[in-house]
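**Student:** Generate coordinates for the sequence data below:
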Amino acid sequence: MAYTLDFERPLADIDRQIQALQKKGERLKPEEVQQLERLKQRLQRTTEEIYKHLTPWQTVQVARHPGRPHAIDYVKLMCEEFFELRGDRAFGENASIFGGPARLDGQTVMFLCQEKGREMKERRDRNAGQPHPEGFRKAHRLMEQAEKFNMPLICLVDTPGASIALDDEERGQSQAIAANLYLMARLRVPIVAVVIGEGGSGGALALSIGDRILMLENSYYSVASPESAATILLRDAKHAATMAEAMQVSARQLKNLGIIDELVPEPLGGAHQNYQAAADLVKEALLTNLEELSKLSPEQLAEQRYQKYRAIGPVGTLTPAPAPTALPSSSSSSS
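**Tutor:** Presented below is the predicted three-dimensional model:
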């Protein structure tokens, strides 16, 4: 696997040495075989050390890694069966969100997922994972079906945010998101949401009002992207790393703040290093949480969900974040 991120340069250097030796194949000398083994061990140790101490901004970079598995990869690797349902029955289809009933370890569940796409055409069709209002309305329809047929709801969240195009606003983007929030707060079936990459703004929130909120350890979840926050508050997106730290967007920070319920571990070096291992870890976490939630009555689920969100962010319990860089003085900025 190529190491493409800036902070992975030490890993890239070791990997190049490993590949150079591996190209020799059977022509490797005994001392070179020993050298190869030492390099592999060094690569593992260095990877462990780097990924154990990722900064919030580095976590954002991993969450956006182009090789990171998408929702559609997880569904294919985790489920025995999956049947996609399309359309919002009001305007049209939006491929940014896909979903439908599936068999997960023999249990029937309803999946709702955000998908960015990979190739250029697919990314265009899926709007790079930024849902239109019809996508949220499709999700609303499938949530209602999950409750009607008593299927636990599983949401895989991976979006930089909802689409902000003018025609989306004209078609009721904010109303579509708000309707999902209202519905998820009162659904009478178990809801488990997993942030598998990016969890940006209202686009993520519209699929993550759940009984359990899980995050892959190298994902982020935030009211706005670090670049957007830096542009708004510090007048320049180049301060994104500073804002990522101040906003406490990483999975580990959010777990410490009590915003999310569980960290899902990733394969060494990130989920993009091993899709099957990443899917197995997500599946294990889903099955564990679904089993626990299945013991609760619909009334208990609704009440606990209500209390869960009432308890987020009480005054005096949050650890202060580092202050961002001061705003430019009025004398140095234009009015």
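
**Student:** residues in contact with Ala224?
**Tutor:** Contact analysis of Ala224 by C-beta atoms under 8 Å, 6 or more residues apart in numbering lists Gly161, Gly200, Ser201, Ile232, Met247. Quick note: C-beta positions are derived from backbone N, CA and C, even for glycine.

**Student:** so where's the longest strand in the chain?
**Tutor:** strand 191-200 (DSSP state E).

**Student:** and that one, what other elements does it pack with?
**Tutor:** Secondary-structure packing of strand 191-200 (3 or more C-beta pairs under 8 Å, 6 or more residues apart in numbering; DSSP states H and E): helix 56-63, strand 153-159, strand 212-216, strand 220-222, helix 275-293.

**Student:** Would you mind listing the buried residues in the longest one?
**Tutor:** By neighbour count with 16 or more other C-beta atoms under 10 Å, helix 275-293 contains the buried residues Tyr275, Ala278, Ala279, Leu281, Val282, Lys283, Ala285, Leu286, Asn289, Leu290, Leu293.

**Student:** Give me the average confidence score over the helix or strand following it.
**Tutor:** Counting by DSSP states H and E, the next helix or strand C-terminal to helix 275-293 is helix 298-310. Across helix 298-310, the average pLDDT comes to 93.

**Student:** what does stretch 26-46 give?
**Tutor:** 89.

**Student:** likewise stretch 164-184?
**Tutor:** 95.

**Student:** give me the low-pLDDT residue ranges for the stretch 1-150 of the chain?
**Tutor:** Residue ranges of the stretch 1-150 of the chain with pLDDT under 70: 1.

**Student:** tell me which residues of the longest helix seen in the chain are tucked away?
**Tutor:** Criterion DSSP state H: the longest helix present in the chain is helix 30-52. Within helix 30-52, the residues that count as buried by 16+ other C-beta under 10 Å are Leu36, Leu39, Leu43, Thr46, Thr47, Ile50, Tyr51.

**Student:** And the furthest pair within those?
**Tutor:** Greatest spatial distance among the buried residues of helix 30-52 (C-beta to C-beta): Leu36 and Tyr51, at 22.5 Å.

**Student:** what's the host helix or strand of Arg252 packed up against?
**Tutor:** Element membership for Arg252, per DSSP H and E: helix 251-257. Contacts defined by 3+ C-beta pairs under 8 Å, 6+ apart place helix 251-257 against helix 56-63, strand 212-216, strand 220-222, strand 262-264.
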